[in-house]
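S.K.: For reference, the sequence and a predicted model appear below.
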Amino acid sequence: MLYQPLWLTLQLALITTGCLLVIGIPIAAWLAQSKFKLKPAVEAMVSLPLVLPPSVLGFYLLLAFSPASGFGKFLNDVLGIRLVFSFTGLVISSIIYSLPFMVHPVQAGLEALPGSLREASQTLGKSSWQTFIHVLLPNIKPALFTGVVLSFAHTLGEFGLVLMIGGNIPGITKVASIAIYDEVESLNFKAAHIYAGILLAMSFCILVAVYVVNKHLTRNRLTA
Amino acid sequence: MPFAGIGQTLRVAVAANAQFVSEKLAKAFKQKTGIEAQLIVSSSGKLTTQIEQGAPFDVFLSADMKYPQELYQKKLTTAAPKIYAYGTLVIWSKANGLSGNNLSGLSNVAIKKIAIANPKLAPYGTAAEEAMQKTHTFATLKPKLVYGESIAQVNQYLIAGAVDAAFTAKSVVLDSAQKGVGRWTEVDSKLYHPIAQGVVVLKASQGQNLAAANQFCKFMFSVQAKQIFKAYGYR
């Protein structure tokens, strides 16, 4: 059953990254062009998971998701969903946990684009939605790629949060980082080495890919 | 299998001191009934919190009676807790200079750090603290103490060499994987309250699993299980 936690981690990271593409890009787009007075507060909210210890986030989510709390009780009684100790709960907390890793690069990418690009597109009769999809997004490919890959990698390494709200249930919430902890506690250092080694190798390869691809994409854009 | 639910699996929350003996019990139980018992190992305190927050466990093997009693009072169990075994506290060390079943050996200068399970979460930690207080060594030993969140972390500290001695459960040092690792000595059982360990079936367990959970509990009191407990140093 050695592969199960790794497979679960992969699923969690893929689903979280997919959700973050849908949630993160609109947030980043809004932040990039908004002149809203309270924008710094929104930016701070998005960035909080960067500086907050995962145990703080985990603690609040445990209370929020628990059937004993108002929100958790509503989910449990009305919708029949229980988020603590469930895979769905892990996905939702991972989305919050990895949000800045998607939003920041995309926001920075959009802000770096010259304003003339948008204006030219709109002068040519494209709606702002078409402009965004067909003109702006293709021009920030390196930023998008960075966002996707970092969100994925960051979710792979999630630990403190899962420990608080996951409950270490095999096949449901026992992801690789928890499995390492578990094996070390059971004094199975060999199994822990296997998990840890695989995660280390994956993280390294992912980061190398980010640097290689970004270098390539940036160079292409400059010479084009 | 990414998701459970294929075949019948019982989720057994196990206090860290009983993780090795529980593996043996689960194996014997599977041979007998064909039911797979999945172990979720942590400190009794943490498992209790998780159960209170709705963790989907079927059976809870605590390291004491206090936590299962608390769950029983909160109506989260199907019946009052039953004592399945009495645990034994040992001092485990890789360093030389430990002898006898008193705690004076721990004052030796060769012993710089001693791991103990957090008394707030783990009954073996409470027992260790009690023994130190009874022998009036607590004040001297306190600067050397390192707290693990459970017996499991205490073991891990010792195996990794992060501490020189540890208070742990006899069942840990008697497990075949740990045989020959360092030396251990039993703490005089008069120095701490008996570690009565309780088992409860949880109300979260339903249908087929509830039947299996009751079967597992019954099995824990069988002659076969008693022998397994005995082999792991439980009384």
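M.R.: Nice, I can see it. Since we're looking at a predicted model, the values are computed, not measured.

S.K.: Need the CA coordinates for stretch B:154-168. CSV is fine.
M.R.: Listed next in CSV are the C-alpha coordinates belonging to stretch B:154-168 (Å, rounded to 0.1, in the frame of the first residue of the first chain):
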residue,chain,number,x,y,z
VAL,B,154,9.2,9.8,22.1
ASN,B,155,10.3,6.5,20.5
GLN,B,156,11.3,8.3,17.4
TYR,B,157,13.5,10.7,19.3
LEU,B,158,15.3,7.8,21.0
ILE,B,159,15.8,5.8,17.8
ALA,B,160,17.1,8.8,15.9
GLY,B,161,19.5,9.5,18.8
ALA,B,162,18.0,12.9,19.6
VAL,B,163,17.7,12.0,23.2
ASP,B,164,19.7,9.7,25.5
ALA,B,165,16.8,8.1,27.4
ALA,B,166,13.0,7.9,27.1
PHE,B,167,10.0,7.0,29.1
THR,B,168,8.0,4.6,26.9
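
S.K.: Write out the residues of chain B neighbouring chain A.
M.R.: Selection of chain B residues close to chain A by C-beta under 8 Å from any C-beta of the partner chain yields B:1-4, B:11, B:16, B:19, B:38, B:40-42, B:50, B:52-56, B:150, B:152-153, B:155-156, B:159, B:177-178. For the C-beta atoms, the positions are set from N, CA and C on the backbone; glycine is no exception.

S.K.: Among those, name the buried ones.
M.R.: Buried by 16 or more other C-beta atoms under 10 Å in any protein chain shown: B:4, B:11, B:16, B:19, B:38, B:40-42, B:50, B:53-56, B:150, B:152-153, B:155-156, B:159, B:178, out of those.

S.K.: what about the helices in chain A?
M.R.: A:3-33, A:39-51, A:54-65, A:70-74, A:87-112, A:115-123, A:128-130, A:141-156, A:160-165, A:176-185, A:189-223 (DSSP state H).

S.K.: Which residue would be the closest one in chain A to chain B?
M.R.: A:Glu185 (3.7 Å; C-beta to the nearest C-beta).

S.K.: Quick check: chain neighbours aside, which residue is closest to that residue?
M.R.: B:Ala152 (3.7 Å; C-beta to C-beta, 6 or more residues apart in numbering or on different chains).

S.K.: Can you classify the residue of chain B found nearest chain A as helix, strand or coil?
M.R.: Nearest residue of chain B to chain A (C-beta to the nearest C-beta) works out as B:Ala152 at 3.7 Å. Three-state call for B:Ala152 (DSSP: H, G, I helix; E, B strand; the rest coil): helix.

S.K.: Quick one: residues contacting it.
M.R.: B:Ala152 makes contact with A:185-186, B:16, B:19, B:41-43, according to C-beta atoms under 8 Å, 6 or more residues apart in numbering or on different chains.

S.K.: Just the residues you listed: which are in helices?
M.R.: The helices, defined by DSSP H, take in A:185, B:19 from the contacts of B:Ala152.

S.K.: Out of the helices of chain A, flag the one nearest B:Asn118.
M.R.: helix A:176-185 (13.9 Å; C-beta to C-beta).

S.K.: returning to that earlier point: adding distance to B:Phe29, write the contacts of B:Ala152 out as JSON lines.
M.R.: Listed next are those as JSON lines, based on distance: C-beta to C-beta, whole Å:
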{"residue": "A:Glu185", "distance to B:Phe29": "22"}
{"residue": "A:Ser186", "distance to B:Phe29": "19"}
{"residue": "B:Ala16", "distance to B:Phe29": "20"}
{"residue": "B:Gln19", "distance to B:Phe29": "15"}
{"residue": "B:Val41", "distance to B:Phe29": "16"}
{"residue": "B:Ser42", "distance to B:Phe29": "20"}
{"residue": "B:Ser43", "distance to B:Phe29": "23"}
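
S.K.: So of the contacts of B:Ala152, which two are at opposite extremes in space?
M.R.: Checking the contacts of B:Ala152 with C-beta to C-beta, the most distant pair is A:Ser186 and B:Ser43, at 13.9 Å.

S.K.: Just want to know which of these two has more residues nearby.
M.R.: B:Ser43 (28 against 21; other C-beta atoms under 10 Å in any protein chain shown).

S.K.: Can you tell me the closest non-neighbouring residue to the more buried one?
M.R.: B:Ser150 (3.5 Å).

S.K.: so who does that neighbour touch?
M.R.: When contacts are counted by C-beta under 8 Å, 6+ apart, B:Ser150 touches A:185, B:15-16, B:42-43, B:46, B:117-118, B:121-122.

S.K.: hmm, try it at 7 Å
M.R.: B:16, B:42-43, B:117, B:121-122 (C-beta atoms under 7 Å, 6 or more residues apart in numbering or on different chains).

S.K.: how about those residues in CSV, adding distance to A:Leu137 and pLDDT?
M.R.: Shown next, in CSV, are these (distance: C-beta to C-beta, whole Å; pLDDT from 0 to 100):
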residue, distance to A:Leu137, pLDDT
B:Ala16, 50, 92
B:Ser42, 45, 90
B:Ser43, 49, 89
B:Ala117, 53, 94
B:Leu121, 50, 85
B:Ala122, 53, 89
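
S.K.: Export the residues you listed as JSON lines, with columns for distance to B:Ala225.
M.R.: Putting the contacts of B:Ser150 into JSON lines (distance: C-beta to C-beta, whole Å) gives the following:
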{"residue": "B:Ala16", "distance to B:Ala225": "19"}
{"residue": "B:Ser42", "distance to B:Ala225": "22"}
{"residue": "B:Ser43", "distance to B:Ala225": "23"}
{"residue": "B:Ala117", "distance to B:Ala225": "24"}
{"residue": "B:Leu121", "distance to B:Ala225": "26"}
{"residue": "B:Ala122", "distance to B:Ala225": "23"}
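
S.K.: which ones among these are found in strands?
M.R.: B:42, B:117 (DSSP state E).

S.K.: can you pull out the strands in chain B?
M.R.: Under DSSP E, chain B gives strands at B:9-15, B:36-42, B:59-61, B:82-87, B:89-93, B:114-117, B:145-148, B:165-169, B:183-186, B:195-201.

S.K.: What angle do strand B:165-169 and the last one make with each other?
M.R.: This means strand B:195-201. When axes from the mean of the first three to the mean of the last three C-alpha atoms, to 10 degrees is applied, the directions of strand B:195-201 and strand B:165-169 differ by 50 degrees.

S.K.: how deep is residue 191 tucked in, by neighbour count?
M.R.: Assuming you mean chain A. 15.

S.K.: nope, chain B
M.R.: Neighbour number of B:Leu191 under other C-beta under 10 Å is 18.

S.K.: and what of B:Gln208?
M.R.: 11.

S.K.: surely it meets B:Gln8?
M.R.: Yes: if you go by C-beta atoms under 7 Å, B:Gln208 and B:Gln8 touch, sitting 6.1 Å apart.

S.K.: Which residues outside stretch B:205-221 are in contact with it?
M.R.: B:8, B:10, B:12, B:25, B:29, B:32-33, B:35, B:37, B:58-59, B:84, B:199, B:201, B:225.
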